[in-house]
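Q: Just to be clear, the model below is a prediction. Sequence and coordinates:
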Amino acid sequence: MKKSIKTLLFIIFIAAIIIILVIFDFESLTEWNNILSLKERFVEKNYFLSILSLLGLYALFSFLYLPIAPLSIISGVLFGFFFGSLFSFIGSAITMILSFVIARFFLHNFFDKVKSKIKLFDRILLKITEGGKNFILFARLFFVIPYNSLNVVSAISNIPFGIYSIYSVIGALPSCLFYAYCGSTLTKFTSMAEIKKNGLILAFVSIVFFLVINLFKKVILKKKIDTDDIKD
């Protein structure tokens with residue numbers, strides 16, 4: 001992404017914060033309980049607008065090739081675990097599919113030219129050629145390679161759109177559940193006692209999640225796919 005675009009986005013972000021602080025009472029916003037109360041009132045009054053805004057951000061992030069994990073956490077904060085997971089899943093699908101479509105049908109020549117200059121792209125392309133749908137699923141499930149890099153390189157590979165979409169969406173489900181859970185747990189931090197209780201639970205779940213991910217990744221790597229050369 002060009003530096004000028006990043007600068008513009010940063011300015012817009014800061015401007016949005018300033019507007020929020022002007023419209024709402026700054027002191028009340030500094031209290032977590034008041035923030036949660038404000039969130040609940042806003043979502044309750046503007047439920048469908050909140051959903052559309054979140055999904056719109058997923059679409060925007062796909063266009064700008066930005067990481068979407070923060071959006072999945074926000075989804076959990078806004079809508080709780082179940083619906084947060086659902087909207088995170090839908091948003092992730094939008095991101096993966098839209099990024100693929102943009103890269104394949106609109107920016108294919110550009111990415112095809114730069115792939116030789118980016119070693120990671122060449123390595124991913126080789127793995128997709130060798131592993132196909134199995135590698136797509138593996139990469140999504142176990143965070144083997146950067147999220148957006150897989151979107152782009154898959155687009156310039158010969159993998160069919162349908163295969164890419166199905167296995168990407170399936171592979172993204174665990175991370176959607178995890179991030180939405182993290183977001184929903186943050187809304188329970190309403191007192192020091194709750195912070196201690198839910199903070200420990202969140203830490204435990206996070207540790208177990210990533211330990212299980214790494215354990216399964218190592219087991220599968222030994223049996224099927226060697227991806228050591230493209231790890232970050």
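A: It's in. Not measured: the values here are computed from a predicted model.
Q: alpha carbons only for contacts and neighbour counts from here, please
A: Will do.
Q: residue boundaries of the helices in this protein?
A: 3-23, 26-29, 32-45, 47-64, 69-105, 108-114, 119-131, 133-142, 147-156, 161-186, 192-223 (DSSP state H).
Q: how about those helices in JSON lines, adding mean neighbour count and mean pLDDT?
A: Formatted as JSON lines, the helices of the chain follow (neighbours: other Cα atoms under 10 Å; pLDDT from 0 to 100):
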{"stretch": "helix 3-23", "mean neighbour count": "11", "mean pLDDT": "56"}
{"stretch": "helix 26-29", "mean neighbour count": "12", "mean pLDDT": "47"}
{"stretch": "helix 32-45", "mean neighbour count": "15", "mean pLDDT": "69"}
{"stretch": "helix 47-64", "mean neighbour count": "17", "mean pLDDT": "86"}
{"stretch": "helix 69-105", "mean neighbour count": "22", "mean pLDDT": "90"}
{"stretch": "helix 108-114", "mean neighbour count": "14", "mean pLDDT": "70"}
{"stretch": "helix 119-131", "mean neighbour count": "18", "mean pLDDT": "74"}
{"stretch": "helix 133-142", "mean neighbour count": "21", "mean pLDDT": "83"}
{"stretch": "helix 147-156", "mean neighbour count": "22", "mean pLDDT": "81"}
{"stretch": "helix 161-186", "mean neighbour count": "20", "mean pLDDT": "90"}
{"stretch": "helix 192-223", "mean neighbour count": "13", "mean pLDDT": "70"}
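Q: which residues does Asn214 contact?
A: Asn214 is in contact with Phe142, counting by Cα atoms under 8 Å, 6 or more residues apart in numbering.
Q: mind running it again at 6 Å?
A: Neighbouring residues of Asn214 by Cα atoms under 6 Å, 6 or more residues apart in numbering: there are none.
Q: give me the number of residues near Ile159?
A: For Ile159, the neighbour count with other Cα atoms under 10 Å is 16.
Q: How about Tyr65?
A: Counted with other Cα under 10 Å, residues neighbouring Tyr65 total 19.
Q: Tell me how far it lies from Ile94.
A: Applying Cα to Cα, to the nearest Å, the value for Tyr65 to Ile94 is 12 Å.
Q: just Asn46 next, same as before
A: Remark: distance between Asn46 and Ile94 (Cα to Cα) = 22 Å.
Q: Same check on Gly76?
A: Look at Gly76 and Ile94: by Cα to Cα, they are 17 Å apart.
Q: next one: Tyr58
A: 7 Å.
Q: Enumerate every residue touching Ile213.
A: Ile213 neighbours (Cα under 6 Å, 6+ apart): Phe142.
Q: roughly how far apart are it and Phe178?
A: 12 Å.
Q: what do you get for Asn158?
A: For Asn158 relative to Phe178 (Cα to Cα), the value is 31 Å.
Q: do Leu55 as well
A: Distance from Leu55 to Phe178, by Cα to Cα: 18 Å.
Q: before we move on, what about Leu78?
A: The gap separating Leu78 from Phe178 is 15 Å, by Cα to Cα.
Q: do Leu86 as well
A: Distance, Leu86 to Phe178, by Cα to Cα: 12 Å.
Q: for Tyr147, same thing?
A: As judged by Cα to Cα, Tyr147 and Phe178 stand 16 Å apart.
Q: cool, and Arg104?
A: Going from Arg104 to Phe178 by Cα to Cα gives 30 Å.
Q: residues in contact with the nearest residue in space to Ile73 that is not next to it in sequence?
A: Leaving aside its chain neighbours, Ile73 sits nearest to Gly183 (4.4 Å; criterion: Cα to Cα, 6 or more residues apart in numbering). The neighbours of Gly183, taking Cα under 6 Å, 6+ apart as the test, are 73-74, 76-77.
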